[in-house]
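1. what's the 3D shape of this:
(one chain, ligands or ions: 1)
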Amino acid sequence: MNYKIVSDSSSNLLKLEGINYESIPLHIIVSDKDFVDNETLDLNEMQNTLSSYNGKSSTSCPNSQEWMDAFDNADVVFCVTITSNLSGSCTAAKVAASMYESEYPDRKVYVFDSLSTGPEMVLIINKIAELIESETNPDIIYKKICEYQKKTHLYFELPSLNNLAKNGRINSILAKGIGILGIHIVGKASDEGTLKPMDKCRGDKRAFYCLISHMKKCGYTNGRVIISHTNNPSGAGEMNELIKKELGYTDTLIMENRALCGYYAEPGSILIGFEA
Ligand code: X90
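-> I've put the predicted structure just below:
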């Protein structure tokens, strides 16, 4: 049986060593420019365009045909999407799955709504890749991933909520005061796949300690941790040191947010996917 894993580009993962994997791009639209969130995109150019532009910007998700094209004759496909509560990507993947299965009745597509994004999607994708190596029954892989999703989380600290509010992904009342005088928001992806604020902190150092205390409260012991950041390698490094010191985990993977997460999380942000 030949397997494929497909995610939308909000995972920030472009390649997966030794695994048949594809990322389908979302788009960031700024004035008349369409930034396609793939490996050729110049992230600095996108951020520069955004910071010198005061008008409206928006995003769009892959459509069913784009998902379908990525399935690419695989017998079994596992899709991992950004939360269905903030994007149409998951619905498009589900439509593509039923189109593909009716066209090829002996093939199967499983769609996982991450109810999250970024590094939590990477944890799920890595787990699917591991299971493909050891488990031959795809239904069992599906069930194990559903169980796995119960113990993965996404926490974050964001220096601004502007793009999330301007595009109606959060209530604009939430965005008030964030970004002023160094106030960052610390929050998490809720069980429903929406942004849930937990704290406000002045400066990123306080935000990092705050994240650690929320991870402890969530019951973190020694599970895997993945950090992603937007244009903030030093912050990601500091967070990593704190995770070592306070939580004793030394294997944190650090990634860069690609365009979609970069646009919404905004420069300076840190996202943390972890297993509790
Ligand atoms: O379909 C589209 O156009 C994409 C819309 C995506 C909207 C949300 C993106 C969030 C990116 C921001 C911080 C984490 C929030 C997590 C909430 C589940 C990352």
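2. Centre of the chain to the helix or strand that contains Tyr100, how far?
-> Assigned by DSSP states H and E, Tyr100 belongs to helix 89-103. Per CA atoms, centre = their mean, to the nearest Å, the displacement of helix 89-103 from the mean C-alpha position of its chain is 21 Å.
3. right, and the helix or strand after it?
-> The helix or strand immediately downstream of helix 89-103 is strand 108-113, counting by DSSP H and E.
4. Partner strands of that following strand and their direction?
-> Partner strands for strand 108-113, per DSSP bridges, with pairing direction: strand 76-81 (parallel).
5. State the three-state secondary structure for Gly55.
-> Secondary structure assignment for Gly55 (DSSP: H, G, I helix; E, B strand; the rest coil): coil.
6. Tell me where this protein has helices.
-> Assigned by DSSP state H, the helices in the chain fall at 43-51, 64-71, 89-103, 118-134, 138-149, 162-166, 172-175, 204-217, 233-242, 259-265.
7. just checking, which of these sits deepest inside the structure?
-> Compared across those, helix 259-265 shows the largest average neighbour count, a mean of 27 (mean count of other CB atoms under 10 Å). Where C-beta positions appear, they are placed from N, C-alpha and C, glycine not excepted.
8. who's in contact with the residue nearest to the spatial centre of the chain?
-> Nearest residue to the geometric centre of the chain (CA atoms, centre = their mean): Gly118, 1.7 Å. Contact analysis of Gly118 by CB atoms under 8 Å, 6 or more residues apart in numbering lists 10-12, 154, 228, 257, 261, 265, 271, 273.
9. what do you get for Gly177?
-> Gly177 neighbours (CB under 8 Å, 6+ apart): 183, 200.
10. Distance check, it against Gly187.
-> Distance, Gly177 to Gly187, using CB to CB, to the nearest Å: 14 Å.
11. Flag the helix or strand of this structure with the lowest per-element mean pLDDT.
-> helix 172-175 (a mean of 94; mean pLDDT, DSSP states H and E).
12. residues in contact with that one?
-> By CB under 8 Å, 6+ apart, the surrounding residues in contact with helix 172-175 are 160-162, 164-165, 185, 195, 197.
13. out of those, what pair is the most spread apart?
-> With CB to CB as the measure, no two of the contacts of helix 172-175 lie farther apart than Asn162 and Pro197, at 15.0 Å.
14. Send over stretch 229-236 as PDB, restricted to the C-alpha atoms.
-> Coordinates of each C-alpha in stretch 229-236 appear next as PDB, following Å, rounded to 0.1, in the frame of the first residue of the first chain:
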ATOM      1  CA  HIS A 229       8.600  31.600  15.700                       C
ATOM      2  CA  THR A 230       8.000  34.500  13.400                       C
ATOM      3  CA  ASN A 231      11.200  36.400  12.800                       C
ATOM      4  CA  ASN A 232      12.300  35.800  16.400                       C
ATOM      5  CA  PRO A 233      15.100  33.200  16.500                       C
ATOM      6  CA  SER A 234      16.600  34.700  19.700                       C
ATOM      7  CA  GLY A 235      13.200  34.500  21.500                       C
ATOM      8  CA  ALA A 236      12.800  30.900  20.400                       C
END
